[in-house]
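Undergrad: got a sequence here, can you model it:
(2 chains)
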2 protein chains.
Amino acid sequence: MKVLLRDNSYDIIFASLSEIRNYIDIPAKTKILILSSPKIAKLYYPKLIASFKKDCHTFLYNLPPGEKTKTLTSVEKVYTFLIQNNFSRNDLIIALGGGVIGDLAGFIAATYLRGINYLQAPTTLLAQVDSAVAGKTGVNHPLGKNLIGACYQPRLVLIDKTTLSTLPQTELRSGLAEVIKYALIKDHRFFKQLEDDLTISNKMIAKCCLLKARIVQKDEKENNLRIILNFGHTIAHMLEAYTGYKRFFHGEAVALGMLAAAYISMKRNQLSAQDYQRIKKLITRANLPVKIDFKINFQRAKKIMLHDKKVKTNKLHFVLLRRIGDTSIANDIPWELVQDSLQNLK
Amino acid sequence: MKVLLRDNSYDIIFASLSEIRNYIDIPAKTKILILSSPKIAKLYYPKLIASFKKDCHTFLYNLPPGEKTKTLTSVEKVYTFLIQNNFSRNDLIIALGGGVIGDLAGFIAATYLRGINYLQAPTTLLAQVDSAVAGKTGVNHPLGKNLIGACYQPRLVLIDKTTLSTLPQTELRSGLAEVIKYALIKDHRFFKQLEDDLTISNKMIAKCCLLKARIVQKDEKENNLRIILNFGHTIAHMLEAYTGYKRFFHGEAVALGMLAAAYISMKRNQLSAQDYQRIKKLITRANLPVKIDFKINFQRAKKIMLHDKKVKTNKLHFVLLRRIGDTSIANDIPWELVQDSLQNLK
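TA: Below you'll find the model as predicted:
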């Protein structure tokens, strides 16, 4: 499968990590930095470098797992490592891990010596269906997530589904939330397929990549169309912030956010009650939450949402559903309706 | 004059700073950050914002002048300022100053929210003929200059030659060294024009921009052709490092480096003795140095050059002249010949 992003095109390949060399032309003596985290590296680093170690120089740089590692401080440490090991513009970075490692590696690749080659080898379902595609790179700023970043494309994304076998169930579910999101915003037929079979497959991952690529191609700079990728995320971000990023996996918050957005869509007479029930049922079948199991202080929730960077003036901006597979954008949602949708999650 | 850089094109306009609004379509209420340094801002900020202040929000952020300000620490401070003032992807950054401010502003623009618009308003001759063109952006790393950067183009470069009237003579001479460099590497006719008249003019600046653009267009990613822009810089960098970046203005070191490279070219029977003398004469007429007025420890000089990032193995890499206006690349220059060229500068 080939994803074309204007003049920057790259392949998404479904294959074993050990076969990566077959898909990219890397001359002998190339230096390769594998950016990863300790657990992932222990499982997959040997497999990934198998085809390189005979004639290339491979280096492993592990960063602690989790969002807190996605800072300019981590970036600077890796710059230093690259410089000390004389990495040149012809060398290579490979991201081996989830979205955090992918975003970091992409940003480092975009900004080291004004850009060096990099590959993505995403090992989580979330990264495979989402962050691997679209040239998103970036780190967090103390004042907000993902505010620092560059537009930069990997040379190749290699998806090895077997890496999912070691992934905790919670992480798999988290990825499934994004899978459901793609179906909801763009493809009713895909949604029906998911209703028939929620088993994770290369075909399912490929479908998500394709849907995302289609959206991103039309709007590489995130101006208009791309906004629909935020479906479910307005409330998800609030829930994450509300709980100090500790209570929910991202996909769990997204599942709740999607259900709330579907509820608002229904209350605005856009989405049928039957479709709302189908969505709720599929989220339930994916073992994702459909209830918030703690008491929400609505005043605090409102305050968080109105300070969110996506909010202009005092009206709330939402991606809604016209029907399953089609969206509309609303920027006039009154807080009362949002509160109603949260109430419904109890 | 329009400079085309593959799919990222931008205009270079020769006009007054106060007319900048005429050359770019900026909607009302756009936030504009002017990145500058105190002295420059005092002289030109009011003029630059004259056409914006009626309906846009202008902000001034001053950084200390000089190379030492070109760090990720400065970048982070500006990120914080942008975030605190809610700059969005539709807002704008303008670099008002020399190369340091331009490089910093470009890097910040490339990496804030994955890229926002920026304009260059270079106020030094060096920046006008050199750093303003080519989408070079970047900062220094404690281990080396310009190692961090991104490829990113400004929307517009506005050159107001009147800003040069307040520039110290040393800085003007420094810029002239680069002007002479463009003539030497690419344009014999331009060199003859400079022999006739060294007065700084828009035509002279435009010619340099055009020559640089032509080189960069053929090699946007700095692989081969672009290397000729380093003419004179191999020895210049050594001289700067040797003297702790304190003794020479960059252009002065470049003048000495060009003369040394011309000497090596002559000794390799590429360049005629007459052409060597013409070069020396023009550099002298520009009030640039043709002598090193201190004792060089050749062992130390050699050590610095062999550690330079551009050196592979133990042979020295040089851009040489075939004749005035044409270059050749050599990667087999023995140290003895380099030493000879330095001896000749005494």
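Undergrad: quick one: contacts for residue A:43?
TA: For residue A:43, the contacting residues are A:163, A:166, by C-beta atoms under 8 Å, 6 or more residues apart in numbering or on different chains. No exception for glycine: its C-beta is placed from N, CA and C like everyone else's.
Undergrad: stretch A:81-89 near chain B at all?
TA: Yes. Residues of stretch A:81-89 contacting chain B under C-beta under 8 Å from any C-beta of the partner chain: A:83, A:84, A:86, A:89.
Undergrad: which of the three states applies to the third one?
TA: This means residue A:86. Following DSSP: H, G, I helix; E, B strand; the rest coil, the label given to residue A:86 is coil.
Undergrad: do you know how far it is from residue A:152?
TA: 22 Å (C-beta to C-beta, to the nearest Å).
Undergrad: more crowded one of the two?
TA: Remark: of residue A:86 and residue A:152, residue A:152 carries more neighbours, 24 against 11, as counted by other C-beta atoms under 10 Å in any protein chain shown.
Undergrad: A strand includes that one, no?
TA: No. Assessed with three-state DSSP, residue A:152 is coil; it does not lie in a strand.
Undergrad: wait, it sits on residue A:108?
TA: No. Residue A:152 is beyond contact range of residue A:108, at 9.8 Å (criterion: C-beta atoms under 8 Å).
Undergrad: got a pLDDT number for the residue of the stretch 151-300 of chain A found nearest chain B?
TA: Nearest to chain B in the stretch 151-300 of chain A, going by C-beta to the nearest C-beta, is residue A:151, at a distance of 5.2 Å. On pLDDT, residue A:151 comes in at 87.
Undergrad: same deal with the one 10 residues further on?
TA: In this model, residue A:161 is scored at 92, pLDDT.
Undergrad: can I assume it is in contact with residue A:205?
TA: Yes. Under the criterion of C-beta under 8 Å, residue A:161 makes contact with residue A:205 at 7.0 Å.
Undergrad: between those two, which has more neighbouring residues?
TA: More neighbours surround residue A:205 than the other of residue A:161 and residue A:205, with 22 against 16 (other C-beta under 10 Å).
Undergrad: setting the sequence-adjacent residues aside, check what's closest to that one.
TA: residue A:128 (5.2 Å; C-beta to C-beta, 6 or more residues apart in numbering or on different chains).
Undergrad: doesn't the one you found belong to a helix?
TA: Yes. Assessed by three-state DSSP, residue A:128 belongs to a helix.
Undergrad: any idea how far it is from residue A:270?
TA: 31 Å.
Undergrad: comparing these two, which residue is more hemmed in?
TA: residue A:128 (34 against 18).
Undergrad: please report how far that one lies from residue A:38.
TA: 21 Å.
Undergrad: just residue A:13 next, same as before
TA: With C-beta to C-beta as the criterion, residue A:13 and residue A:38 are 26 Å apart.
Undergrad: more neighbours, the two?
TA: residue A:13 (18 against 13).
Undergrad: surely that one and residue A:158 touch.
TA: Yes. The criterion here is C-beta under 8 Å, and residue A:13 meets it with residue A:158 at 5.1 Å.
Undergrad: what does chain A put close to chain B?
TA: Going by C-beta under 8 Å from any C-beta, the residues of chain A near chain B are A:6-7, A:72, A:76, A:79-80, A:83-84, A:86, A:89, A:107, A:110-115, A:136-138, A:141-144, A:147-152, A:221-223, A:309.
Undergrad: just checking, next helix/strand downstream of the helix or strand that residue A:259 is a member of?
TA: Residue A:259 is part of helix A:250-267 when elements are defined by DSSP states H and E. In the C-terminal direction, the helix or strand that comes right after helix A:250-267 (DSSP H and E) is helix A:273-285.
Undergrad: what comes up buried for that next one?
TA: For helix A:273-285, the neighbour count (16 or more other C-beta atoms under 10 Å in any protein chain shown) marks A:275, A:276, A:278, A:279, A:280, A:282, A:283 as buried.
Undergrad: what's that helix packed up against?
TA: helix A:169-186, helix A:188-196, helix A:250-267 (3 or more C-beta pairs under 8 Å, 6 or more residues apart in numbering or on different chains; DSSP states H and E).
Undergrad: give the buried residues for the second one.
TA: Residues of helix A:188-196 classed as buried by neighbour count (16+ other C-beta under 10 Å): A:190, A:191, A:194.
Undergrad: for the last one, give me the pLDDT.
TA: Each residue has a pLDDT score; the one for residue A:194 is 98.
Undergrad: next up, the contacts around it.
TA: Contacts of residue A:194 (C-beta under 8 Å, 6+ apart): A:179, A:180, A:183, A:204, A:282.
Undergrad: can you tell me how far the last one is from residue A:177?
TA: Distance check for residue A:282 against residue A:177: by C-beta to C-beta, it reads 10 Å.
Undergrad: the third one too?
TA: Counting by C-beta to C-beta, the separation of residue A:183 from residue A:177 is 11 Å.
Undergrad: which of the two has more neighbours?
TA: residue A:177 (27 against 24).
Undergrad: hmm, that one is touching residue A:286, no?
TA: Yes. The pair residue A:177 / residue A:286 is scored as a contact, 7.0 Å apart, by C-beta under 8 Å.
Undergrad: shared neighbours, these two?
TA: When contacts are counted by C-beta under 8 Å, 6+ apart, the set common to residue A:177 and residue A:286 consists of residue A:255.
Undergrad: which residues are common contacts for residue A:161 and residue A:205?
TA: Going by C-beta under 8 Å, 6+ apart, residues that sit against residue A:161 and also against residue A:205 are A:14, A:128.
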